[in-house]
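Asker: following is a predicted model, sequence given first.
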Amino acid sequence: MAGPQAGKKYKASGASEQPGSTKASLSEAFDKNLYDGNSVDKFAGYDSSIAVRDEDDDMEDADLNGRRLVGQYTATAAQLNEYAQGDTAEADILMSREESAQIASRETDYQKRRFERRLSPQRADAFAQNGDDEGMAYKDVMKERAIEREEARIQKLIEEREAKGGNEVLDHQPTLKDSKEGAVVSGDKTPPAPKKKRRRWDAAIDDEPANEEIKAEPESKKSRWSPTDPPAAEKEAAAPARSRWDTTALAPAGATPAPAAGEVARSAIPNMFAFGTDVSNRNAPLSDEQLDMMFPAEGYKILEPPPGYEPIRKAIGVPQLPTGYQGFLLPEENNSNMMGTKLPTDIPGVGDLQFFKTEDMKYFGKLVDGADEGDMTVDELKERKIMRLLLKVKNGTPPMRKTALRQLTDNARQFGPGPLFNQILPLLMERTLEDQERHLLVKVIDRVLYKLDDLVRPYVHKILVVIEPLLIDQDYYARVEGREIISNLSKAAGLAHMISTMRPDLDHQDEYVRNTTARAFAVVASALGIPALLPFLRAVCKSKKSWHARHTGVKIVQQIPILMGCAILPHLKGLVDCIGENLNDEQPKVRMVTALALAALAEAASPYGIESFDDILNPLWTGARRQRGKALASFLKAVGYVIPLMDEEYSNYYTSQIMEIVIREFQSPDEEMKKVVLKVVSQCSGTAGVTPVYLKDNVLNEFFKHFWVRRMALDKRNYRQVVDTTVDLAQKSGVSEIVGRIVINMKDENEAYRKMTVETIDKIISTLGAHDIEQRLEEQLIDGVLVAFQDQTVEDPIVIDGFATVVNALGERAKTYLPQIVAIVLARLNNKSATVRQQAADLISRITFVMSKCDEDPQLIKLAQALYEYLGEEYPDVLGSILGALRAIVTVVGLHAMQPPIKDLLPRLTPILKNRHEKVQENTIDLVGRIADRGADYVNPREWMRICFELLDMLKAHKKGIRRAANNTFGYIAKAIGPQDVLATLLNNLRVQERQSRVCTAVAIGIVAETCAPFTVLPALMNEYRVPELNVQNGVLKSLSFMFEYIGEMAKDYVYAITPLLEDALIDRDQVHRQTAASVVKHVALGCVGLDCEDAMIHLLNLLWPNLFETSPHVIDRIVEAIDGVRNAVGTPVVMNYVWAGLFHPARKVRQPYWRIYNDAYVQSADAMVPAYPAFEEKESRRHELEIFI
Amino acid sequence: MADKLRAQQQLEALQSRYIGTGNSDTTKFEWTSNIARDSLSSYIGHPPMLQYMSIGLGQSREKTRIQLLERMIQPVGKPPETQN
């Protein structure tokens, strides 16, 4: 099969020293180096008589189990597969889901540019002890960058010329058109590998070995398809770029993007290659022979590829062919990958993985090639070891991951940085990476960095290339991770090395690279301290050679405050001075970024540090007058952030200087500018120097004219900005001034605009109150808010909030409007739309407080009666709101005055307790609990018992709040009607299967015991323990545990009563039994510290002690806690007597738990242990001081 | 395995905060040294105890205190020779 590289052939031979020498044969692999072209019979494996295409179909079937038992009388495979491949293919749901999980799928185009970067060659470590100098030195890198810039410049020139139309030479149609790119890799959805820059040079390197072989072939095979103009090719090779080509050729290993990956991929091929699934041969470019056959000899001219021509086909397809490829390979029986879908989940030496993706084969294929590890070199073994560990970390189960990660960390220095990073970094460049995988790999780097320390230096740039994109990820945690890695990296490599590594990227011709480098530099500054980096930054910001460097330098200064916040304050002066002069830079972009950097610095420094900005105030303000458009926006932004730092006098002056421009820009149509001026206005109005009078005279009119228009309400971002700015203006100029201007908008026909007004008024009034609103405005306000409330088409909480805020702020002044409001609410409670009813009910619960303050209790009762009628509501959300409103009314009017009376209300609630909806449950249980707490005697005991049964179900609720409320309600009810009946119900519930229900019952019993005194509960409880059923007994123990926890010191009276039961529980065979008993002991012991129950406690300790050798974590934890409890109750020395015996026991299994007890005792009461330490025989260890006797 | 690892980490954290804690590999020398130091600091930390001992030794409290402080250096003699 002709490799997909065929399109590159011309270039290859052009670059060879014997140009135009070869004509490849149709059936031979071009790339001898890869495919081992020394085949004996090149047609081996091909059936020469039958059409190859049909063969394919047969083979696909044969794949399934190797032979076919019955004849096939169905549609052909081609028909069946019609919708499986090609343009007609249906999207695979699973595949698309998989892809949507990938990081690359949610990246913006800008973020995707990371794929255009390649891993740079290894760098030399200038600080290495032995001075060995493998890798590129700083000088080489700088030179390379210069050449890249030059190339970009020329490329641009060419493009320009092309655009102008002088394209007779440049406008070539490629003579050999490649087929679709996507067809190269079948079954593999990997997007093409990161596109390398300067690919034609790389390609030249790749092809070089091939050329050597070609060279050996006889001259006679010369084809007319090969370039006819050898001197041209030579000329090109001799072009100025040549020197760079040489440079890269020196370090080819580093120049290929993923050296390790490439190798792995090659070995992985047997799995990837099969006729049935691989269509690349069908889509391969036509060979010279085919072309010869197809075209007549005359009338056609073979054009040479134009300069700068790059084959579209990616090199990725090539390494996917096996080393020993000789044509068609007979698929092996058990090669699962032949199926195309199945992938191994069990890799030898790795174990069961969670998943294994197609793309992983490229990197980890080596592990399944089944090579004998016996005859491998140490390095190869090491490589495989790392590979295995990485695979475990990336794809393994959590415990696997953990151990593998630990092994990687511990052995990092043995593995060495090279082998580690050469495998990790290409993985991180993979396009199909998902968040979890990236997180884990980044974690590996982090851990490994820590261990490798300065060994990491040669790889700093490579790591940066991979990690820098994290700094601009949308995901906050990815950004944090990226920062952490870079900061660790800079600590390991040192400032000097970081600077020399990143310096060449500062004026990189690609903006993406510069941007990410600036961010990385800011992280370095935060890790190593700003002062260390300042001299360098100063130099960069003053760079004369390139404005790119200045731009990036300023950008670093901009990123530092964003990253470090107020920690920049000590170095503020230095940072500002560093970029000050760039405000007048000749490049507009530099000026803009400088203004933005100043804004960031001022924002971080606020409210301090104005003196550091002294020098730039003048240029900033004069600059703002000169700029237009985007630059003006950035200058205004800086101005806006600097003004709040100033003192009164200055801010007044400087605001008046700038306000003119700001007001002028109110009418700017530019969104960005709008945002900036709004921000500046709110910042200016916040300063002391700006007076309300000034605002009123100069700003407000214009502001409301331009920003309080309906259009602003439509865009979400503008909406927010306008609301915030208006609220800020209100802080200064007063409520009535602002509210008076916008109150009329609540009656506007545009709903979004009404909402915006309500929200603004809500915010203003809730912060500033309604005191300076006079009679007329008050009427307008209520009127407007009612209109906004009633005219809602989409019910929105904003309106309710606004309504409630206004009514509550008006307080007693709202009295006159209440009848109207109640009438409206009542009408809306009867509305047919559920959300309207819900809102009405919600509104009631918000305004009950004000209503009772206005002595409108009769109105409240009226509402309560209406709500009572609506308890049959079927929408749970609405029902929840109705219950909430009822509760709010009950709270303010009191249980005795409540109408309908409680004794009627509660029975209506009992069936509602069955409702499963959380909102309903929460509100009912709240209401029922309140009644049980305050007015239990309004209802007869039987009703309470009924409620008790319903409450049991609530103990299963998902929401903790509901369970807690239910438990508390049990307590209230037990108090109201006596514990006996409630307790009986609860004890019965201990028999149920559900664990959560039992636990909650246990808690409820504990609560009942607490509220009704333990002696009312304990006898029944202890009696229940005699039931020979494990769940019940455990439940009893659990209730005891809760009970003793709640009753605290009261435990003293029940210690001796409970001891026999505990005795029995502590010697039970069941582990959980002892565990629960231990927790009872703990609470009892802690309850009776210092209350003279030592004898019982020691008895329990004796029973506890042998449990020390339990290994189950829960059990041993409870046991140790219980021993701790007893230690507190009986005193440390007594317990220490038990401990001494085992501290130096010959068996480690014994020593371990004993030391645990010792440590716990030591941490809690080291001083109390001093008198209890054993006396030693040895002279030195004796404590003579203790023998002093007076 | 994970539990073991966590237990190990917890132990290390504990040890770094409280020097006197030990584990199953603590030697007698380490333990007795800790005991001696803890005892000495306890004597110093309880003024009545220090007073009592000073009276018994017939010297000023400060002198006893200094003596006790100095005894904290290698309180149980030189560490044992390591085998390897």
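Answerer: Perfect, I can see it now.

Asker: which parts of chain B are strands?
Answerer: Counting by DSSP state E, one finds no strands in chain B.

Asker: from A:Ala1172, how far out is the residue of it found nearest chain A?
Answerer: Nearest to chain A, among the residues of chain B, is B:Gly56, at 3.5 Å (Cβ to the nearest Cβ). Bear in mind the C-beta positions are built from the backbone N, C-alpha and C, glycine included. In this view, B:Gly56 and A:Ala1172 are 21 Å apart by Cβ to Cβ, to the nearest Å.

Asker: that older thread, got phi/psi on the residue lying closest to the residue of chain B closest to chain A once chain neighbours are set aside?
Answerer: Using Cβ to Cβ, 6 or more residues apart in numbering or on different chains and skipping residues adjacent in sequence, the residue nearest B:Gly56 is A:Ile1188, 3.5 Å away. Phi and psi for A:Ile1188, reported as degrees, to the nearest 10, are phi -60, psi 130.

Asker: before we move on, the earlier item: I figured the residue of chain B closest to chain A hits A:Phe1189, correct?
Answerer: Yes: B:Gly56 is within contact range of A:Phe1189, at 6.9 Å (criterion: Cβ atoms under 8 Å).

Asker: thinking again about what came up before, the residue of chain B closest to chain A: neighbouring residues, count only.
Answerer: By the other Cβ atoms under 10 Å in any protein chain shown criterion, the neighbourhood of B:Gly56 contains 14 residues.

Asker: need the per-residue pLDDT for A:Asp109.
Answerer: Listed pLDDT for A:Asp109 reads 82.

Asker: next, count neighbours for it.
Answerer: Neighbourhood size, A:Asp109 [other Cβ under 10 Å]: 6.

Asker: go on, A:Pro1019?
Answerer: Neighbours of A:Pro1019 under the rule other Cβ under 10 Å: 11.

Asker: so how far is chain B from A:Pro900?
Answerer: Separation of A:Pro900 from chain B (Cβ to the nearest Cβ, to the nearest Å): 58 Å.

Asker: check contacts around the closest residue to that residue other than its chain neighbours.
Answerer: Among residues not flanking A:Pro900 along the chain, A:Tyr868 sits closest, at 5.1 Å (Cβ to Cβ, 6+ apart). By Cβ atoms under 8 Å, 6 or more residues apart in numbering or on different chains, A:Tyr868 lies in contact with A:886, A:900, A:904-905, A:908.

Asker: for A:Arg153, same thing?
Answerer: A:Arg153 neighbours (Cβ under 8 Å, 6+ apart): A:Gln509.

Asker: so it belongs to a helix, correct?
Answerer: Yes: under DSSP: H, G, I helix; E, B strand; the rest coil, A:Arg153 sits within a helix.

Asker: any idea of the pLDDT on it?
Answerer: Reported pLDDT for A:Arg153: 85.

Asker: which residues are contacting the helix or strand where A:Leu464 lies?
Answerer: Element membership of A:Leu464 [criterion: DSSP states H and E] is helix A:460-467. For helix A:460-467, contacts defined as Cβ under 8 Å, 6+ apart pick out A:117-120, A:122-123, A:421, A:425, A:428-429, A:442, A:445, A:456, A:482, A:485-486, A:489, A:493, A:497-498, A:501-502, A:517, A:520.

Asker: no more questions from me, cheers.
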